[in-house]
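Engineer: Any chance you could fold what I've pasted below:
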Amino acid sequence: MENNLTPEQVVEKINGLFSEKMATVPTKDEVAQLKSELDNFKSIEVKNSEMEKAIAKMEGRIEAMSEKAVDAPKTQGAKTLKEALVKTYSDNVKAITDSIEKGNRITLDVKTDTTIDGDYSGNVALSVLEPGVNRIARPIRRIREISNVGTTTSKFVTYIQQTQNVTPGAEGTLWVNEAGAKFNGEVKYEEVSEEVKKIAAYIKVSKEMLADLSFVRSEINTELMEAIEQNIDYSLVNGAGGVDLNGLLSVAPAFSAGTFAGTIPGANISDLIRVAKAQIQAANFQPTHVVLNPEDVAKIELTKTSSGEYTYPAFWDANMMLAGLTIVSSNNITAGTLVVGDFTKFNIKFREDMNMSVGYENDDFTRNMVTILCEARLVAYIKGNDVNAFVQSDIATDIALIND
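Structural biologist: Next up, the predicted model:
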């Protein structure tokens, strides 16, 4: 060690040595060499405060490095993965045997400098990775939020339905003369059961992806849950029963023009909705919402008078109202179709709300994969005596029915 170095040069040399050794995992020989270098620096007679601080700091770092130092690798060349695995197995044979005898599984940590051939064409290493994933857009889900949602603890939801009331004939027929025969006011009931249905989806990812990319785990959870929620919302409108839900379009009665047939000049969607509301009110219900495709909502907003003025404001707020009904815009109903109804009568009961499970399936363990499963169990139904609280309509066909 040269004693003619300035204190500043010594500090620079100390920092350089330390940075060089920390670039890789230091070996025990390298730590010993650093200690020798440090002893040389300590032997310099003329020291300033910066130099003494650098020496003291290096002493602490060397002590920490010595705990992590490894033996120098042998010069026989890199092991293949097979060779490394065999060596790891032989080094841990007793632990492996003991674990197997107890019915446990043991993980062997195999480290080797085996070269893995491959090709990577991305640019992640050359750029800053922005958090999150640019996901495909899904329809806005609205049906669940306007319906009568609750829970159930059984496989079947059962309710009592009245099949005959105390008025066997037309209204006003219960009046009788003195000493006249009275009407039988028998009330009849029946028990109705609706079965809970299951909806589920899964995705497979590598354990490394889950461990190394936390945002991917979050996106997987989000994507699976959104897929389930979207399918639920779609089925609440379009479900045909069976393994699927009983959706609105499979239960709601068809539009009937009734006394409005051929009576409305220049009939449009707004007229159709108003007549559908009258049909529901005639059945003793009060509708609350009308569900329309965004394309049909736009047609309402763009309706003009013969002189060009908009019939409705060009820009409505989030709670668009028409004939006292809240308009619900949804891509889960086909353009050209609408449903008007009292949505307090549309019952959605969850046996199991959205839940996630993570585990192994089939050969996942041997392939180092993990299966993530998302599922829910629910039932949707309109009680038998409430079906007339809803009306579905083919817009073009039914406008023609009421048009004058």
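Engineer: only C-alpha atoms for contact and neighbour calcs from this point on.
Structural biologist: Will do.
Engineer: Domain ranges for the protein, per the record?
Structural biologist: For the chain, whose domains are defined here by automatic domain parsing, the residue ranges read 7-68, 197-402.
Engineer: Point out the most buried one among those.
Structural biologist: For the domains of the chain, the stretch with the most neighbours on average is domain 197-402, a mean of 17; neighbours defined as mean count of other CA atoms under 10 Å.
Engineer: can you redo the domains of the chain as a markdown table with mean pLDDT and distance to N165?
Structural biologist: Shown next, in a markdown table, are these (pLDDT from 0 to 100; distance: least, CA to CA, whole Å):
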| stretch | mean pLDDT | distance to N165 |
| --- | --- | --- |
| domain 7-68 | 68 | 86 |
| domain 197-402 | 88 | 12 |
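Engineer: I'd like the ones you listed as a markdown table, with distance to L174 appended.
Structural biologist: As requested, those are exported to a markdown table (distance: least, CA to CA, whole Å):
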| stretch | distance to L174 |
| --- | --- |
| domain 7-68 | 97 |
| domain 197-402 | 20 |
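Engineer: and the next element down the chain from the host helix or strand of V192?
Structural biologist: Counting by DSSP states H and E, the element that carries V192 is strand 188-195. Next along the chain after strand 188-195, taking DSSP H and E as the criterion, comes strand 197-206.
Engineer: Check which helices and strands that following strand sits against.
Structural biologist: Using 3 or more CA pairs under 8 Å, 6 or more residues apart in numbering; DSSP states H and E as the contact criterion, the elements in contact with strand 197-206 are helix 214-238, strand 369-382.
Engineer: Before we go further, F365 is sitting in a helix, right?
Structural biologist: Yes. Secondary structure assignment places F365 in a helix (DSSP: H, G, I helix; E, B strand; the rest coil).
Engineer: Relative to Y189, how far out is it?
Structural biologist: Going from F365 to Y189 by CA to CA, to the nearest Å gives 55 Å.
Engineer: cool, I264 as well?
Structural biologist: For I264, the distance to Y189 (CA to CA) stands at 41 Å.
Engineer: how about the closest residue to Y234 other than its chain neighbours, what does it touch?
Structural biologist: Among residues not flanking Y234 along the chain, N332 sits closest, at 5.2 Å (CA to CA, 6 or more residues apart in numbering). Under the criterion of CA atoms under 8 Å, 6 or more residues apart in numbering, the contact list for N332 reads P139, R141, D233, Y234, V237, N293.
Engineer: so where do the helices sit in this protein?
Structural biologist: Secondary structure of the chain by DSSP state H: the helices cover 7-22, 28-42, 49-68, 81-91, 93-101, 143-146, 207-212, 214-238, 248-251, 269-282, 294-301, 364-367, 395-402.
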